[in-house]
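> here is my input, please return the structure:
(2 chains)
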Amino acid sequence: MTSTLTSRLAIAALTASFAVVTTSVEAETLRWARAGDSLTLDPHAQNEGPTHTLAHQIYEGLLQRDMAGEIIPALATDWAVTDDPKVWRFNLRQGVKFHGGEEFTADDAVFSLKRAMKPTSAMKELLASVADVRKVDDYTVDIETVGPNPLLPNNLTNMFMVDEGWTTANDAVEPQDVANGGENYLVRNTNGTGAFMMVSRAPDEKTVLKANPDYWGKGEFPLEVTEIIYTPIQNSATRVAALLSGEVDFIQDVPVQDLERADAQEGLKVVKAPQNRTIFFGMNMGDSDITADNVEGKNPLADVRVRKAMNMAINREAIQKVVMRGQSDPTGVIIPPFVNGWTAELAAYPTPDIAAAKAMMADAGYADGFAIRLDCPNDRYINDEAICQAAVGMLGQIGVTVNLNAQPKAQHFPLIKNKETDFYMLGWGVPPFDSEYVFNFLVHSTTDKYGSWNGTRYSNAEIDALVVSLATETDTEKRNLAINKIWETVQSEQLYLPIHNQILNWGMKDNINFDVQPEDQPHFKFMTFSN
Amino acid sequence: MASFNQRLQTALDSDLAFAFKRSPVAMTATTIFALLAIAAVLAPLIAPYNPFDPATLNLMNGFTPPMEANEFTGQTFTLGTDDQGRDVLSTIMYGLRISLFVGVAAVLFAAVLGVTLGLLAGYFGGWVDTVVMRIADVQITFPSILIAMLIFGVAKGLTPVEARDEMAIWVLILSIGLSEWVYYARTVRGATMVEKSKEYVAAARLANRSPLAIMFGHVLPNVMGPVLVLGTIGLALAIIAEATLSYLGVGAPPTQPSLGTLIRVGQDYLFNGEWWILFFPAVTLLALALSVNLLGDWLRDALNPRLR
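Numbers count the residues shown, from 1 in each chain, chains lettered A, B, ... in the order given. Sure thing, here's the model as predicted:
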């Protein structure tokens, strides 16, 4: 006791920065749970919510979104377009150290951005408009785009910075090749600049992080959490039981059926907000024949009438009322209202009409229907498997016999990326809050730079050109017209079957002060506790 | 016909029938099992709905409490509905079919495999015995549910995704059967080793009958008693194994729920008071497994001369 006191006094006397540590040292361990785990620690290998969420605690980008979704500086202190409208200049924060002790400089920024543009990177679509990244001096970086791109910073919120020396020394210049089951050093090891450092990790079991003692953001962020214990709990009953019994402090996905109970319990609260994410089904409409169906020699999904009929068979309101218990907003378009390009007309969806849908099926030559496999995740989105099961019943009513293949996201997502599924569930968030992002990944045909998540195999040169033009269109009105034109094509072609936008329900101890982040990304450095 | 009546009379006069009539436990267990079996077999005829036909489901019926009208559709269900609007009563009846079918088929498979290998090992001895019994020894050190999961995983990986739903039931039978054969093999081997030194086997050998004919024609009928007991208890185990696998989400496909699948679905709704989705399937599984087990216990005692 005495020794702690003396040592504390000694430390407090030594430096002012240490004094900050000792005053907030009421070690706050945060026990955090959600349904699924991060897929990899390589910050450029997966463009996926839970993966980014864990990465955000450890790594940082040049800029980031705060808990309200607003863009704030991170490793860059400020940024602006230079005299050349195609060049963005970023001034980097000085004196920032990686967890390994190396200083963060322009070399690391250039290296990281170039790494994120490599073919195996999952982030490359976000940088598709980038022509070059240049170091100006040790703390200045220029990003040159192929044409003026006023929205470039929006694409950098999940673009994490790695240490060039460390990454190169560990032979991980290329991001992990997820599609081919690749591995590299960064998959299991971390070295970021973030507020937390990795202590231990067992994938799908437990990840422990501790506060970074040398974090640059002291004084700027509350930094009250000193340790994070992250345990993925897939089973919803077990997850909510862990919260109710006090075994965890914070869960990101309170099961919709347990909202009332969790909110009513003494010492717990549920905070909710609409999420920037739409859940939908994708269909392979591009191939001339598909393997997942029972129709030989042709692809029923290639017929737009079949896709329209399927869209008409889905009873979105029933899914909202029963499966989601009101915790969703049914929609007819694959972007939420946050996103530039969203309109009420696009979001309108047909009232389910089985007779009309059957007539369209008959019109397309499938009066007797067909059978097809639906691939679905079971640990990613809110009630994902139950939504798929409900869709099985609804599509069954128009003669489409669906075989449901529900499995964890770690097995499900590769099917989409490798184009091994013909009918699948996907949810898409829009970190830049702009339609261009959605088009780059989901509408543009699959090429080296674009369309890596376009499982529809849709390929339209005219639309592709329009999508590419968005990055460099500076006239906002013209750009929005182009966005609208692309959406109209997506809707008339019925590229996707949209279901709903998710509503987030974060459950936590009463004494935690934390807003729901619209991207479902808790940044724990913002978390505070009231006692 | 007379011979049939005579046989029936012999059966009714047997010690076993006498013991049965004097055991209220056995009679209750048999009644419960018979009721469940009839409900399962006749499900397509007597169940109010067909829960395995997704096209007939109305999602709006989801989570209807037992004996209460649904707030949207006004429909009433005796035991309520599950998360997809399936009638729980009908789903239990159809789920029982899967549970019983998988149970019986897995036991038959395990028994045929185990008895054959046990006979071979016990009769021939030597290296046949060594190979068969060492495999059995190794396998028995692992819990059978782990073996079943391993076999299920491998078999699922080998079947094409399109065929998985149809194959799931057969894969279940295979994996449970393969995980349970050891007990039959061990029992039969021991009994065979005792039987083969008896005089009737020597007589059959002297009459120049083939080893196969001796094994299956002469030895087998004399070692069947314990196999019968094992089979009955094994049935309860197989039903529970199927429920466990489905509960863990690796068994019956979600669109064709067995009792274990229903329990898995139902446990998600325990905290908010929608108890019926879990409760009724769980009680049914309990009644089924308990009645078969009690029957097996009784049979073991009744066939054991030392306990008379």
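> show me where the stretch 201-308 of chain B has strands.
Assigned strands in the stretch 201-308 of chain B: none (criterion: DSSP state E, counting those that start in this stretch).
> and the helices in the stretch 151-300 of chain B?
Ranges of helices within the stretch 151-300 of chain B are B:164-195, B:199-206, B:211-213, B:220-247, B:259-267, B:276-303, based on DSSP state H, counting those that start in this stretch.
> now the second one: buried residues?
Which is helix B:199-206. Using 16 or more other CB atoms under 10 Å in any protein chain shown as the test for burial, helix B:199-206 gives B:201, B:204. All C-beta spots, glycine's among them, are computed from the backbone N, C-alpha and C.
> any idea which of the helices of the stretch 151-300 of chain B gets closest to residue A:191?
Closest of the helices of the stretch 151-300 of chain B to residue A:191 is helix B:259-267, at 40.9 Å (criterion: CB to CB).
> for the closest one, name the packing helices and strands.
helix B:88-124, helix B:220-247, helix B:276-303 (3 or more CB pairs under 8 Å, 6 or more residues apart in numbering or on different chains; DSSP states H and E).
> could you redo the last one with a cut-off of 10 Å?
helix A:236-244, helix A:384-396, helix B:88-124, helix B:220-247, helix B:276-303 (3 or more CB pairs under 10 Å, 6 or more residues apart in numbering or on different chains; DSSP states H and E).
> could those helices go into JSON lines alongside distance to residue A:259, mean pLDDT and mean neighbour count?
Below are these laid out as JSON lines (distance: least, CB to CB, whole Å; pLDDT from 0 to 100; neighbours: other CB atoms under 10 Å in any protein chain shown):
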{"stretch": "helix A:236-244", "distance to residue A:259": "9", "mean pLDDT": "93", "mean neighbour count": "20"}
{"stretch": "helix A:384-396", "distance to residue A:259": "16", "mean pLDDT": "94", "mean neighbour count": "24"}
{"stretch": "helix B:88-124", "distance to residue A:259": "24", "mean pLDDT": "94", "mean neighbour count": "23"}
{"stretch": "helix B:220-247", "distance to residue A:259": "25", "mean pLDDT": "89", "mean neighbour count": "22"}
{"stretch": "helix B:276-303", "distance to residue A:259": "18", "mean pLDDT": "92", "mean neighbour count": "20"}
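> out of the ones you listed, nearest to residue A:319?
When the helices and strands packed on helix B:259-267 are compared by CB to CB, helix A:384-396 sits nearest residue A:319, at 5.5 Å.
> how about the helices of the stretch 151-300 of chain B, which one is nearest residue A:332?
Comparison of the helices of the stretch 151-300 of chain B against residue A:332 by CB to CB identifies helix B:259-267 as nearest, at 29.4 Å.
> pLDDT on the closest one, on average?
Helix B:259-267 comes out with an average pLDDT of 89.
> looking at the helices and strands packed on helix B:259-267, which is nearest to residue B:24?
Proximity to residue B:24, assessed across the helices and strands packed on helix B:259-267 by CB to CB, is greatest for helix B:276-303 (10.4 Å).
> what angle do helix B:88-124 and the closest one make with each other?
Angle of helix B:276-303 versus helix B:88-124, following axes from the mean of the first three to the mean of the last three CA atoms, to 10 degrees, is 30 degrees.
> now the angle from helix B:276-303 to helix B:259-267?
Interaxial angle, helix B:276-303 versus helix B:259-267 (the same axes, to 10 degrees): 140 degrees.
> circling back to that earlier point, could I get the helices of the stretch 151-300 of chain B as a markdown table with distance to residue A:293?
What follows is those, written out as a markdown table (distance: least, CB to CB, whole Å):
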| stretch | distance to residue A:293 |
| --- | --- |
| helix B:164-195 | 14 |
| helix B:199-206 | 59 |
| helix B:211-213 | 49 |
| helix B:220-247 | 27 |
| helix B:259-267 | 26 |
| helix B:276-303 | 33 |
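> now residue A:317: how far from chain B?
Taking CB to the nearest CB, to the nearest Å as the measure, residue A:317 falls 9 Å from chain B.
> hmm, back to that, between the helices and strands packed on helix B:259-267, which one is nearest to residue A:434?
helix A:384-396 (25.7 Å).
> could you confirm whether the closest one reaches chain B?
Yes. Judged by CB under 10 Å from any CB of the partner chain, helix A:384-396 comes into contact with chain B at A:385, A:386, A:388, A:389, A:390, A:391, A:392, A:393, A:394, A:395, A:396.
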